[in-house]
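Asker: Output the structure for:
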Amino acid sequence: MNASYITVPLIFLIDSLISLYILAVVLRFLLQWVKADFRNPICQALVTVTHPPLKLLRRFIPPMGKIDSSSIVLALLLQMTINISIWLILQKVSPNFFTLFVLSCAHLIGLTLNIFIFAIFAQALLSWFNPNIYNPNYILLANLTEPVLNLCRKVIPDLNGLDFSPLAAIILLQLTKMLLLPPLEEHLAYLF
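Answerer: Now for the predicted structure:
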């Protein structure tokens, strides 16, 4: 047995568990930003899971207008923890703070874009197979995706009842990921 026999599962476990929690924090932030109904069971679960650390951080980090800055700081700290843990497990040289910060920001931007892509895709599927607009899950997805879809609807008109804004939004979000994230990751690769 070599060292990777233990390190690969350990990295997977750390990355998976902390990434799930980061997903909960980012979802809570986005749902607060779009003013979703927090009486929804999914929102209630997110609040229950993320409340203890956010309550502590809110003592020291005030909100910036309508932006819950403590959620952003918590997600960033958790992502930095994942990155540092992986570097320590792989016994690589720990990067400087700036590199760690930029890499963590790139991961969070990618996660946020993925959340919007999957939410738009899920909302489109639900509208085809179960067009019950009073379903709480559908309402939550609609609340989350409306800011992005409204931007696309301003450019793409409704074509005889066919709404192509979800397709345009997914293409736009995927294109944003492809143009924004690789240059950051390539630049960071030169720093190692």
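Asker: all contacts plus neighbour counts: C-alpha atoms, from now on.
Answerer: Noted.
Asker: Enumerate every residue touching the residue nearest to residue 57 when sequence neighbours are not counted.
Answerer: With sequence-adjacent residues excluded and distances taken as C-alpha to C-alpha, 6 or more residues apart in numbering, residue 57 is closest to residue 70, at 5.8 Å. Counting by C-alpha atoms under 8 Å, 6 or more residues apart in numbering, residue 70 makes contact with 54, 57, 58, 61, 62, 63.
Asker: And stretch 82-96, how far out from the chain middle?
Answerer: Per C-alpha atoms, centre = their mean, to the nearest Å, the displacement of stretch 82-96 from the mean C-alpha position of its chain is 22 Å.
Asker: three-state assignment of residue 157?
Answerer: What DSSP: H, G, I helix; E, B strand; the rest coil gives for residue 157 is coil.
Asker: From residue 168, how far off is it?
Answerer: Counting by C-alpha to C-alpha, to the nearest Å, the gap from residue 157 to residue 168 is 11 Å.
Asker: Which one's more surrounded, these two?
Answerer: Ranked by neighbour count (other C-alpha atoms under 10 Å), residue 157 and residue 168 place residue 168 first, with 18 against 13.
Asker: so which strand or helix has that one?
Answerer: Using DSSP states H and E, residue 168 sits within helix 165-190.
Asker: Check which helices and strands that helix sits against.
Answerer: Helices and strands touching helix 165-190, by 3 or more C-alpha pairs under 8 Å, 6 or more residues apart in numbering; DSSP states H and E, are helix 97-129, helix 136-155.
Asker: angle of it against helix 97-129?
Answerer: 160 degrees (axes from the mean of the first three to the mean of the last three C-alpha atoms, to 10 degrees).
Asker: Quick one: distance of helix 165-190 to the chain centre.
Answerer: On C-alpha atoms, centre = their mean, the centre of helix 165-190 falls 14 Å from that of its chain.
Asker: how about that helix: buried residues?
Answerer: Judged by neighbour count using 16 or more other C-alpha atoms under 10 Å, the buried positions of helix 165-190 are 165, 166, 167, 168, 169, 170, 173, 174, 177, 181, 188.
Asker: thinking the fifth one is in contact with residue 152, fair?
Answerer: Yes. The criterion here is C-alpha atoms under 8 Å, and residue 169 meets it with residue 152 at 6.3 Å.
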